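**Q** Turn this into a model:
(one chain, ligands or ions: 1)
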Amino acid sequence: MAESTKTATLTIDGQDYELPIYSPTAGPDVIDIRKLYGQAGVFTYDPGFTSTASTDSTITFIDGGKGELLHRGYPIDQLAEKSHYLEVCYLLLYGELPSAAKLEEFESLVTHHTMLHEQMMNFFRGFRRDAHPMAIMVGVVGAMSAFYHDSTDINDPHQREVATIRLIAKMPTVAAMAYKYHIGQPFVYPRNDLDYASNFLNMCFSVPAEKYEVNPVLSRAMDRIFTLHADHEQNASTSTVRLASSSGANPFACIAAGIACLWGPAHGGANQACLEMLEEIGSVDRIPEFIERAKDKNDPFRLMGFGHRVYKNFDPRATVMKESADEVLDLLGIENNPKLQVAKALEKQALEDPYFKEKKLFPNVDFYSGIILEAMGFPTSMFTPIFALARTVGWISQWSEQLADPQLKIGRPRQLYKGETSRDYVDIENR
Ligand code: ACO
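**A** Sure thing, here's the model as predicted:
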């Protein structure tokens, strides 16, 4: 923690309390309230953590006003254009871009951990055949805690690293197998001669009955989707992983908790919800009706893929994703894709609408990702599992950072209690 250079004064009932203020390398200052309860006997109140920094971190920085996302200082658009997913994984995990030799060693390590223990297939087979792949992923990743006992001593940095590599390496296998099970096709095992994204596409789309060649443009687009989703600082699922891990829980169980949180439509589930919304809108002429519904406070409908807790400007990932959508549809010869047309027109109309302007609601990363994934052949149910696969490195980097932090404390929020105060139990015959 940085030294405090400024203080804030809080006055309660005429009594002053001095609170240290810390300045980060980027972003707003933070007021340290850790001693507040001990000194003043009050809690702070911040449901949804809209103004609360839960941790120090050196991994990812977002300037929501500028629409900037940096991983270890490097802007996401540069990483999406010049780097690739496994290099970004290395950067997130170790803090610096790797040398060529280090990258090769890291890629080889990940590549040689992609297989799942064969007994894990029984877990997949235990699910109902139409189970959502996210339900399978939560279960199977949680079950990994029962398989990899040699990487669960969280106090041993080596074991932490082994768990990290295992998760990054095996997550595509888990996601692809969840998909294969969900559609009733045989599991396809990982291939170590393919790069990370191509291997995932092969495990999803090849079948034993015929040859499947991975298209390098699609593989590049897949890799870019992974890169764009790799980390996003203290979002809901990452905070879930950190909170679960703060008790010293098993690493695989912590990541399963992150997957569970990501599933919700306000978070990772938005990409599936967004494509379903574009489908429901159906044609450009129906857009005004849906915009009106999104603005109506009595209607629970929201424009999915629009708005963000942190970005109050363009989500920089959405800009790259939009370009990728054009490239992929062009490559696949999908002209006049109705959903892309609706998406582009919806974006334009919403951005011109005073409601969206005033509330600073812009398209987020999920607005265009579904269109690319659908064009590649993924059903909507696979969109969030792909997000989970890509975000695993973010979760596990933040988990590693947290466990290496000597200040680590179990996460334990307080509350503003509004229930009954102490009262005597009433016997059933007297109620
Ligand atoms: N459509 C219509 N109105 C919206 C939308 C939207 N998509 N998003 C926010 N608003 C409005 C709210 O009604 C609210 O209006 P009010 O001030 O008049 O009450 C205001 O904008 C602020 O919204 P909040 O919900 O308070 O903002 P919050 O930061 O809590 O929510 C969230 C952010 C959950 C992302 C929200 O914008 C949303 O539900 N968007 C749609 C779902 C989505 O795309 N999620 C993906 C997020 S990115 C990710 O996880 C990868």
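**Q** use CA for all of it now, contacts and neighbours both
**A** Fine.
**Q** Enumerate every residue touching Phe372.
**A** That one is not Phe; residue 372 is Ile. Applying CA atoms under 8 Å, 6 or more residues apart in numbering to Ile372 gives the contacts 324-325, 328-329.
**Q** Report the buried members of these.
**A** Burial by neighbour count, 16 or more other CA atoms under 10 Å: within the contacts of Ile372 this picks out 324-325, 328-329.
**Q** one step back: secondary structure, pLDDT and distance to Ser145 added to the contacts of Ile372, as CSV?
**A** Formatted as CSV, those follow (DSSP: H, G, I helix; E, B strand; the rest coil; pLDDT from 0 to 100; distance: CA to CA, whole Å):
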residue, secondary structure, pLDDT, distance to Ser145
Ser324, helix, 88, 36
Ala325, helix, 85, 37
Val328, helix, 89, 37
Leu329, helix, 86, 40
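**Q** Present the buried ones among the contacts of Ile372 as JSON lines; the columns should include distance to the ligand.
**A** As requested, those are exported to JSON lines (distance: CA to the nearest ligand atom, whole Å):
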{"residue": "Ser324", "distance to the ligand": "17"}
{"residue": "Ala325", "distance to the ligand": "17"}
{"residue": "Val328", "distance to the ligand": "21"}
{"residue": "Leu329", "distance to the ligand": "22"}
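**Q** nearest to Leu408, of those?
**A** Distances from Leu408 to these, taken as CA to CA, are shortest for Ser324 (40.0 Å).
**Q** pretty sure that closest one is touching Ala221, no?
**A** Yes - look at Ser324 against Ala221 with CA atoms under 8 Å: they come within range, at 6.6 Å.
**Q** Out of the contacts of Ile372, which comes closest to Phe383?
**A** Ala325 (14.5 Å).
**Q** Quick check: the gap between the closest one and Asp366.
**A** As judged by CA to CA, to the nearest Å, Ala325 and Asp366 stand 12 Å apart.
**Q** ok, now which ones touch the spatially closest residue to Leu69 that is not a sequence neighbour?
**A** Of all residues not flanking Leu69 in the chain, Ile62 sits nearest, at 4.6 Å (CA to CA, 6 or more residues apart in numbering). Ile62 makes contact with 68-70, 232-233, 310 under the criterion CA under 8 Å, 6+ apart.
**Q** Widest-spaced pair of the residues you listed?
**A** Top of the distance list for the contacts of Ile62 (CA to CA): Leu70 and Val310, 13.6 Å.
**Q** neighbour count winner among the two?
**A** Leu70 (19 against 14; other CA atoms under 10 Å).
**Q** Which helix or strand contains the closest residue to Ile154 other than its chain neighbours?
**A** Counting by CA to CA, 6+ apart, Arg160 is the residue found nearest to Ile154 once chain neighbours are left out, at 5.7 Å. Here Arg160 sits within helix 157-183, counting by DSSP states H and E.
**Q** how close does Tyr212 get to the ligand?
**A** 31 Å (CA to the nearest ligand atom, to the nearest Å).
**Q** so that residue makes contact with Ser206?
**A** Yes - between Tyr212 and Ser206 there is a contact at 5.3 Å, judged by CA under 8 Å.
**Q** Tell me which of the two has more neighbours.
**A** Ser206 (17 against 12).
**Q** can you tell me which residues contact the more buried one?
**A** So Ser206 contacts 188, 212 (CA under 8 Å, 6+ apart).
**Q** related to what we said a few turns ago, closest one to Leu116 out of the contacts of Ile62, please.
**A** Using CA to CA, the contacts of Ile62 come closest to Leu116 at His232, 27.5 Å.
**Q** isn't Tyr311 right up against Gly67?
**A** Yes - taking contacts as CA under 8 Å, Tyr311 lies within contact range of Gly67: 5.9 Å.
**Q** Which residue of the two possesses the greater neighbour count?
**A** Tyr311 (22 against 15).
**Q** For the more buried one, what are phi and psi?
**A** Main-chain torsions, Tyr311, degrees, to the nearest 10: phi -70, psi 120.
**Q** And the pLDDT for it?
**A** pLDDT for Tyr311: 90.
**Q** what residues are up against it?
**A** Here Tyr311 is in contact with 63-67, 362 (CA under 8 Å, 6+ apart).
**Q** re the thing from before, mind checking how far the residue nearest to Ile154 is from Met137?
**A** Arg160 is 21 Å from Met137, by CA to CA.
**Q** Please identify which of those two sits among more neighbours.
**A** Met137 (25 against 22).
**Q** Can you name the helix or strand that that one falls in?
**A** helix 133-143.
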